[in-house]
Structure formats: structure tokens, C-alpha cells
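> Dropping a prediction and its sequence here:
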Amino acid sequence: MSNIAVMPSHASASRADCPQDQPIDPNEYNEKVRSKMERAKLKGRPELSLEAWRRHNWRDNFRLDLSTIPTDVDVIDYDAVSEAEFIRRYEAPNLPVLIRGGLLDRWRAAEHWTPEALERRVGHYKFKCGEDDDGYPVRVRLRYFLHYQREQAAADDSPLYVFDSTFADDPEARGQMRADYEVPKYFRDDLFQHVGERRRPPYRWFVMGPARSGTGIHIDPLATSAWNALVSGFKWWVLFPPATPRALIKPASLRDSEAISWFTQVFPLTQQAAWSADHRPIQILQRPGTTVFVPSGWWHVVLNVTATVAVTHNFCSVTNFPLVWPKTVRGRPKLSRKWHAALGAVLPDLQKVADSIDTRRRPGDGASSSSSSSSSSSSSSSSSDDDEGDHDARSGAKSDNGAALLCASTVVSNVAVATSNILSPGPASEAACGAPPRAHKADSRDLAPGNPENASTCTCEGGSGAGGDGDGSCVTCEAGRCCRDCDCSHSRKKRRHTPEHDTSEAAILGTSV
């Protein structure tokens, strides 16, 4: 067994922190960074004292041998599998898969996203590493975070984690990071792009963190699917199908929402003989240069085994649209109305598909004999919302996202006939299996997994307030719990809807360190 390690330690300080040519005292700089990161910790997790960040001593007590982590999903070569085959084998049946190749040998991120290059290019920019009690982002300069990751994070049980959705919005150097990677060919459908960049929820994240940081167990918002491309380091993924009961994998006894807590408290239970055979975990060891596809409605938890750098997008495609649409109508009604109008202008037949879906159907409702109602029922029962998924498991209703997508594909495939100038149809074999054609665009605009934060019921748009499902859930992020990195910012005491792209003074200033 080997101890989980972070990157090799070495003292460094940015000359930007001192007058030109003035010597930098490494000890003084280290204390400066420590002070800034301690402020970030106290703002991001005010329930913890600084001493509590190290109370379990996971640096010494959590040991892991990489060779013991299996990969329980198919592994495919990027250049060997076409878009049509990917839809048929994985996206339509709603199955996770690990994709290798097609990244590091083509992306500038391989050179531009090393710690040294990041510090040189964007070290003076602020990146989000948490959220305070009032729902505002906690941001630190990246050079301070990189120093923390090298010199200080190893002692923390669950270190701070950069999970920033605005990295590509800045027209200056930070925004140029978007040019360092390209969306993989399988994920270039982007139906949310039609509502406009300003209105759409955040969908792309730059993700970086030390060993033992990560995201707790959750389902991605609005029934979107996701892809996560790893530039460096190793990640340990554990996934569960949509029908898995929430109480089984997110028990009330779980002390907090941190990934390391789940892996130390819940994962050992999944390996015992008494664990339900119908809900066995699916594990993935993600290596540099590989991409994980997370289908709609799948539970997942991710732990950084070493220091990692990655980019992740969530997306709505023609294939998963019948799942995303009802969740958007119930969770983001204003957005759904604008989206519906936009689809009418560019994809009128897809707008007709939206009209055919009974968005009022809830998990546990009886299935309808009509194909449109069937797809709606299935999509609702395979919600991206924790509470809906749990309701479905309790009621015994069918919750197979794969079946939902296959049924939905029969409806959506009709779109290709009338919109052949927009949608690129697949081969005859694809049509035979019922997989719909994809909408091809030069750039994918998506959404991504949040980092769950213990909180009370959300009352933002999408929660139990206006436009919500009225079941105490927040379908914009997670059910009944706030996500630090979703498109809504929340307070544990007073919830406010504050999109990351909000142009108000408070939203622009945020909370920085």
C-alpha cells in the first residue's frame, strides 16, 4: 500500500507580489499565502475551525494503492469510434464509458496547463475555490492556490479545490484558456447555446486540486450529461445508476458532503457482502489524457488521488433532450420559455418534440401508451434531482434512463427529416437502432457537476419557490442541497438566485481573498 501523495514540494513565490528585483523571502511568502488560504477556508466552510480541517489526519490514515482501483466500464479509443457508434453504444442507452486518446496529443492544455505555465500565464487572476454562507463565490489568485497545493494542502483532510465556471469568460489572458482545448467530437451537440450565452446556466469548468480534494456524491443538474477530460493526475470515480436509492449511497449518517468523507464512510460499505447486489458501485481509474462520459441521472463521486488538472462540461444534446426538457420546464421555467422560443427559430421540429412531452408527469406516475408520454414519464423518473430519484426508488417506478433515452430517440429521430440542413444524420445502421442524429456545431456549450454543500431546502427558481417542483428540491443544483459550483448561488439562511454571469455589482465583486 502506498500513501496518497501530492505534487513534489518546493518553495516558490511570484515576483508579482514584490517590487521589481526585490528579493523574495520564501518564509514570508509562505505565511502570506497561508493567511489568504485560511481566510478562504473560513469563508468556504465556516462550520469548521482551522484545526478541524486536519482532525482526521487523512494524510497518514488514508492509504490507497492505485493498482486496486478497477475500471468497470468500456474503454474506447477516440479515433476508432465514430460519433454515430458512440450514440448507439453509450449515449442512447445512457451508459458511462472511458475514452482514451484524442486529447493530450492535440490540446495546447498539455503544455499550457502545467502548474508552472498556469502560474506564469494566469497566476494573477482569481479563481473560485468555494462559496460563502451568503452564496457568493470565494476566489483566490491562482498563484496563491498553486503555492497552497504544493506546500500546505497535504496536511488538510479535504483540501480546497478550484472549480471555476468563468475561466473562459474573460476576454484577456484567462479567457484564452478556452483555446487550449477543444470539445471532443461526441459532445458537440449544444442545444442550450440557442438561448444565448448570457441566459444559459454555467456549463464549463476549469478544475484543479490536490490529493484528497474532489466532489461529493451527486447527480448533475437538469438531467444533463457530462464529460470530464483529465489533463494531468489521477482521479477515482464511483458511479451508481439512476435507480439507486438516495438513502443507500447518501445516508443521513454521512458527516459532510466532502468526497473524502464519502470514500472513508460509505465506500467500504459498498464492498461488503451485505450490500445490495442491484446497486453495486461502478469504479473508474481516470488517467491523464482520458475522458469520462457521465450519462444523465447517474450518481457519481470523484476523488483526486493525486494533484489533478481537468476541464469538464455538461451538455444537452438531441439524444438527451427529452430528459433535460421536463427538468428545465419545472426547474427553470423562465429559461425554458426563452429556450422554447429559440428552438422554434432554429430547430422547429425539436420544438414540436418539446411540445409533445408531458412535463407535468412526476416520478411514479403510470406510463402512458403514447410514445411522447412514455418518454416523458421515463425521463421524469430518471431525474437529475436527488429527491426525484429517491422518490422513484421508493415508489418502485421504472427508472431506467437508458430505456427512457431509447424511447425518446424514436420521437426525436423525426427531427432529422425536416431539419437535415441543421442536423447531420447518421448511417442507415444508426437509424435502424433508433439512435437520433446529432446536431453538429463548432463549439459545445454545456453545464457541469457541482460540488454539494450541506444546506437546507433551496427557495430559488428551481427549488420549492417560484418555478420549482414544490417537493423541497432544487432541480437547478441538487435536491435539497446547494452546489457550490452550479449556476445558482445560495445562502444556508437566505437563498438568493445569483447566476455566475450576473452583472450586478455584488455579483461582479463577489468574495475574493
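That came in fine, so what should we check first? Numbers count the residues shown, from 1 in each chain.
> Where does the prediction get shaky in the stretch 301-450 of the chain?
361-450 (pLDDT under 70).
> Then the stretch 101-250 of the chain?
Looking at the stretch 101-250 of the chain by pLDDT under 70, you get 173.
> ranges for the strands of it?
Taking DSSP state E, counting those that start in this stretch as the criterion, the stretch 101-250 of the chain carries its strands at 126-131, 137-141, 162-164, 204-209, 214-218, 225-232, 235-240.
> Identify whichever of these lies nearest to Glu119.
strand 137-141 (9.8 Å; C-beta to C-beta). For glycine as for every other residue, the C-beta is placed from the backbone atoms N, C-alpha and C.
> tilt between that closest one and strand 126-131?
Interaxial angle, strand 137-141 versus strand 126-131 (axes from the mean of the first three to the mean of the last three C-alpha atoms, to 10 degrees): 140 degrees.
> Check which helices and strands strand 137-141 is in contact with.
Strand 137-141 is packed against helix 26-44, strand 126-131, strand 511-512, with contacts defined by 3 or more C-beta pairs under 8 Å, 6 or more residues apart in numbering; DSSP states H and E.
> so Glu258 touches Gly216, yeah?
Yes. Using C-beta atoms under 8 Å, Glu258 is in contact with Gly216, at 5.9 Å.
> Specify the stretch among the helices and strands packed on strand 137-141 that is closest to Leu285.
Comparing the helices and strands packed on strand 137-141 by C-beta to C-beta, strand 126-131 comes nearest, at 25.2 Å.
> strand partners of the closest one, parallel vs antiparallel please.
Strand 126-131 pairs in its sheet with strand 137-141 (antiparallel), by DSSP bridges.
> For the partner strand, output the C-alpha coordinates as PDB.
Extracted in PDB, the C-alpha atoms of strand 137-141 (Å, rounded to 0.1, in the frame of the first residue of the first chain):
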ATOM      1  CA  PRO A 137     -18.000  32.800  -4.600                       C
ATOM      2  CA  VAL A 138     -14.800  32.600  -2.600                       C
ATOM      3  CA  ARG A 139     -11.900  33.400  -5.000                       C
ATOM      4  CA  VAL A 140      -8.200  33.400  -4.700                       C
ATOM      5  CA  ARG A 141      -5.400  34.300  -7.000                       C
END
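> Begin at 29 from now on, thanks
Understood, numbering begins at 29; the last thing we discussed is strand 165-169.
> and Pro142, what is it in contact with?
Wrong residue type there; residue 142 is Thr, not Pro. Residues in contact with Thr142 (C-beta atoms under 8 Å, 6 or more residues apart in numbering) are Ser260.
> meant to ask about Val101
Val101 neighbours (C-beta under 8 Å, 6+ apart): 123-126, 310, 312.
> So Asp306 lies in a helix, does it not?
Yes. Asp306 sits within a helix when classified using DSSP: H, G, I helix; E, B strand; the rest coil.
> What distance do you get for it to Leu276?
Relative to Leu276, Asp306 is positioned 10 Å away (C-beta to C-beta, to the nearest Å).
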